[in-house]
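>>> pasting the sequence and the predicted coordinates here, then a few questions.
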Amino acid sequence: MNPTILKTLYRVDNRPAYPLQVLATRYRTQTDIAVQYDQDTERDTGSGYTLILLHATGMHKETWEVFIEHLFDYSLRRVSRSSNSTPAPSSHDIDRSGIWIEDVFSIESPNHGESAIVNEQVLKTTYEDRWSPSEYERAVHTFLTEGANACWCPGIPGISLKGNPETDMVSQMLNAWTWLRHDVWPSRKTAKMYLQADPLYGRWEPRVLDLYIKYGLREHRAAKYKQPFQFKGVTTALTKEQEAATYRSDELVVDALEAYSAATRKMPVYLIWGTENNVATPELQELLADKEAGRFPRSISYVENAGHLVVQQQPDSLAELVLSILHKGVATRNKL
């Protein structure tokens, strides 16, 4: 990660009110600290955008880091560099287009990544082979109300309607893939070699794959056993049991879709798809823009050379598209 981007880990422990600890990483740039009020930009420190990012099932909070780095690069003007030193940034280095990303919070699902290790005992004894998508929603709400002095409770986007043939086909595919996927390797090096050769993971942006190897995998649980039964390999932080449980939940395709539909009627919602329909078929995509069903996204955009996992496959292009959407939002707001 760019050394000028500062990372701060936050942990919210609201037990027993919420049984799981919630981890999030805050990202901001050195530039943010140095910026003072500038009459040309009409902007002061503390008035920029704060983005809240949530990751997909099976990922981790750091999966956004390549996207975040590109986002900061494009939201701030490049600071001129000399061969010997980097001058302190000033307000004149800020992109005068009206878009300034002050900071970004990436909140982790409690059974993914580093959080899976922190919450290991509770996950094993209380959740075992069940996991509701609403747990992530509860975790986000817990973090934002207890850790960030804000109150916001998102609806996690679903994929379709219950009983829809397209939905059933996707759910069956994801369920089968979960149980069949490789999830144990003798080392991180071996895991990387295996995943690089995999048709799915091999298409990831290399830096994103490196982040998955570092944060999406964990020491195998059998490492705690005494010899000769100890196994010092690695496995996925998210267990197969809980991943499969996510796809079985009605909340993924019923409650979330209702929440999404309501959200499009209350606030600007922008949809971004990959151009390759390897999970969400065109029919499923159309459901999320069905005006007759009360769904009114503000816009629909596409990222080339990406499928379902846009963040993992084309993080740079996605960052530029997100900034473009923010630009349009600012332009629209300034006309009102």
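Here it is on my side, so go on. Given the structure is predicted, the values throughout are model-derived calculations rather than measurements.
>>> what about V118, neighbour count?
18 (other Cβ atoms under 10 Å). Heads up, the C-betas are built off the backbone N, CA and C, glycines and all.
>>> residues contacting it?
11, 21, 23 (Cβ atoms under 8 Å, 6 or more residues apart in numbering).
>>> can you list contacts of stretch 214-227?
58-63, 112-114, 116-117, 184-185, 188, 191, 229-238.
>>> show only the entries of those found in strands.
Residues of those located in strands (DSSP state E): 184-185, 234-236.
>>> quick one: which two of these are the most distant?
W185 and T236 (9.7 Å; Cβ to Cβ).
>>> need the strands for the chain, in chain order.
Under the criterion DSSP E, strands of the chain are mapped to 5-12, 22-29, 49-54, 101-107, 184-185, 217-219, 234-236, 270-274, 299-303.
>>> can I get the ones you listed in CSV with mean pLDDT and distance to T145?
Formatted as CSV, these follow (pLDDT from 0 to 100; distance: least, Cβ to Cβ, whole Å):
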stretch, mean pLDDT, distance to T145
strand 5-12, 96, 9
strand 22-29, 96, 11
strand 49-54, 94, 13
strand 101-107, 93, 12
strand 184-185, 98, 37
strand 217-219, 98, 28
strand 234-236, 98, 30
strand 270-274, 95, 25
strand 299-303, 96, 30
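>>> among the ones you listed, which comes closest to E69?
Closest approach to E69 among the strands of the chain is made by strand 5-12 (6.3 Å; Cβ to Cβ).
>>> and the contacts of the closest one?
Contacts for strand 5-12 (Cβ under 8 Å, 6+ apart): 1, 21-30, 68-69, 72, 105, 118, 142-143, 146-147.
>>> re the thing from before, is it possible to mark the buried ones in the ones in strands among the contacts of stretch 214-227?
When the ones in strands among the contacts of stretch 214-227 are checked for burial by 16 or more other Cβ atoms under 10 Å, the buried set is 185, 234-236.
>>> show me the helices in the stretch 51-200 of the chain, by range?
65-75, 113-118, 120-122, 134-142, 165-180, 188-196 (DSSP state H, counting those that start in this stretch).
>>> out of those helices, nearest to E286?
Comparing the helices of the stretch 51-200 of the chain by Cβ to Cβ, helix 165-180 comes nearest, at 9.8 Å.
>>> residues of the closest one that come out buried?
Residues of helix 165-180 classed as buried by neighbour count (16+ other Cβ under 10 Å): 166-167, 170-171, 174-175, 178.
>>> what stretches of the stretch 201-336 of the chain score poorly on pLDDT?
Applying pLDDT under 70 to the stretch 201-336 of the chain picks out residues 251-255, 330-336.
>>> for it, just list every one of the helices.
Using DSSP H, counting those that start in this stretch, helices in the stretch 201-336 of the chain cover 206-211, 240-248, 255-266, 282-287, 310-313, 315-335.
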